[in-house]
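Enquirer: Following is a predicted model, sequence given first.
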Amino acid sequence: MSSTITTTGPLFQAGGLASGLDTNSIVDKIIAAASAPMLQIQKQQAAYSVQISTVANLTSKLKTFQEATDTLATCGLAPIQPDSTYADFTVTGTAPSEGNYTIQVDTLARAAKMHSKSFTSAQDPAAVGLTGSLQFRIDGVTSPSTAINITGKSLADIAEAINRQVSQVTASVVSTGSGYRLSVIRKDTGYASTAPTALEIVSDPGLQLETIQTARNASLTFDGLPIERQTNSITGLIPGVTFALRGESNVATEVSFVRNTSAAAANIQSFITAYNDVVTLLNTQLRPDPSQAATNNPLAGSSFLSLERDMQKLVGQSVNNSGVVQNLSDLNVKMQDDGTLVLDQIAYQKTFTEALDADPQGANQIFTAATTGLGALVDTLVARQADPLDGALVGETKLLKDSVSSLDGTVAYWQVRLDNERARLSASFTAMEGTIATLNMASNYLNAMFYSGTSNTYKTTSNS
């Protein structure tokens, strides 16, 4: 029996080596597997970064809480303030008691002003062409520091020298359109009672400085009493109150100071909201949601526990030993199970208002008392946590940043190691590809040689 087998493929092959492997993908997968330790370290660094952001957020909320408390520490929960606004002056601060006053603004304080004769240039010394010293007398005192050598100087140079040497005045060059003048203005308004002339010239080599506005003190009548001050900011008439004069109408104005109870509810709520923002963030760190633990990266350090305790102490702080209102609880501010505060809504309209009306001074002192009030206590608390030098949260942030930095070297080590491994693998696969290419070339050559010398068809005979 005989049979015939026919083939058309190459006779010599590099058994399976030229299979078209994706060597780049293979290298990437090998490096990805080897990167696991470095990725774990980078994950830890990311967690530290989240914690740093959390501490920064907590610090910001603490400062907002401090600002809300300081506002109440300055004005009180129900401050005694004017019941209107006025044309000739503004009123800030809180009066110690309710009352009515009559105020009349007679004159506003103003500063002394001078200017020189006109010159053709501000920058050219030749346009001035003067020699000698310009000297001022300030509040009746002639000081060597007020002597300015103007020899060979331009107007701009003279103005710069005055500003550098004479701290009580401001000098500048003014363009009038037809020339340039040196302007000298006393920084402070008014004059001292012992020196009615605030700004004088002791010597002038030729600038011809002349007074264009004399200094004047502010004057007003307060409940029939004449009052004079060097500035338009008047203090001392009513303890804790500042009058900022801004007009001269010479008309008596009635000012009534009354207790502002209408804003008290909003004021206490602002305090509660800022307090709760801090406590809520602390809760997410000290009592994290288990289902979110992988992304929360909570901080449960001792500084957070200490801060929580300090916040809770504020609520029970008694400022007054007597009276209807001694602490926040007396104003119907209650602590909930999660540590946040709430103004009891059930009895709010009754209890809060009645307590405020019964003891408004005590309600104010909860925040305003010098050392035991919440304003002072919160200032101390925030300083202990956020002081730039030794604050607990500042120290926490430094430790976290140091932890991130300490891992940078490890990450760099792994990166170099992985880069070297990638280079080694790539080189190995490149060499393999070169070998395959060589074998393929040899295979092609041998096949070409074989086909050129013999038939491509073979017959195999088998005798049965």
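Expert: That came through, no problem. These numbers were taken from a predicted model, which means no experiment stands behind them. Numbers count the residues shown, from 1 in each chain.
Enquirer: low-scoring stretches of this protein, by residue?
Expert: 1-21, 193, 195-196, 289-302, 345-350, 409, 433, 453-464 (pLDDT under 70).
Enquirer: which residue is nearest the centroid of it?
Expert: S60 (8.4 Å; Cα atoms, centre = their mean).
Enquirer: For the host helix or strand of it, buried residues please.
Expert: Following DSSP states H and E, one finds S60 within helix 36-75. By 16 or more other Cβ atoms under 10 Å, the buried positions in helix 36-75 come out as 38, 42, 44-45, 47-48, 50-52, 54-55, 58-59, 61-62, 65-66, 68-73, 75. Any C-beta I mention is one placed from the backbone N, CA and C, and that applies to glycine too.
Enquirer: What is that helix packed up against?
Expert: Secondary-structure packing of helix 36-75 (3 or more Cβ pairs under 8 Å, 6 or more residues apart in numbering; DSSP states H and E): helix 264-286, helix 360-368, helix 374-386, helix 392-453.
Enquirer: Next, the angle helix 374-386 makes with the longest one.
Expert: Taking axes from the mean of the first three to the mean of the last three Cα atoms, to 10 degrees, helix 392-453 and helix 374-386 form an angle of 40 degrees between their directions.
Enquirer: Same question for the shortest one.
Expert: An angle of 10 degrees separates the directions of helix 360-368 and helix 374-386 when computed by the same axes, to 10 degrees.
Enquirer: which residues sit against helix 360-368?
Expert: 69, 72-74, 76-79, 259, 261, 264, 271, 319-320, 323-328, 330-331, 355-356, 373-375 (Cβ atoms under 8 Å, 6 or more residues apart in numbering).
Enquirer: Please repeat the previous calculation with a cut-off of 6 Å.
Expert: With contact meaning Cβ atoms under 6 Å, 6 or more residues apart in numbering, helix 360-368 is reached by 72-73, 76-78, 259, 319-320, 323, 325, 356, 373-375.
Enquirer: buried subset of those residues?
Expert: Applying 16+ other Cβ under 10 Å to the contacts of helix 360-368 flags 72-73, 76-78, 259, 319-320, 325, 356, 373-375 as buried.
Enquirer: And these, which is closest to R309?
Expert: L374 (16.0 Å; Cβ to Cβ).
Enquirer: Could you report the distance from that closest one to P388?
Expert: Relative to P388, L374 is positioned 23 Å away (Cβ to Cβ, to the nearest Å).
Enquirer: and if you look at T64?
Expert: Taking Cβ to Cβ, one finds T64 at 18 Å from P388.
Enquirer: and V91, how many neighbours does it have?
Expert: The number of residues packed near V91 is 18, by other Cβ atoms under 10 Å.
Enquirer: Show me how the chain divides into domains.
Expert: 12-79+260-447, 80-108+218-259, 113-213 (automatic domain parsing).
Enquirer: Could you find the closest non-adjacent residue to D344?
Expert: Among residues not flanking D344 along the chain, N332 sits closest, at 4.5 Å (Cβ to Cβ, 6 or more residues apart in numbering).
Enquirer: show me where the stretch 51-200 of the chain has strands.
Expert: Assigned by DSSP state E, counting those that start in this stretch, the stretch 51-200 of the chain shows strands spanning 80-82, 89-93, 99-107, 113-115, 133-138, 141-149, 169-175, 180-186, 199-203.
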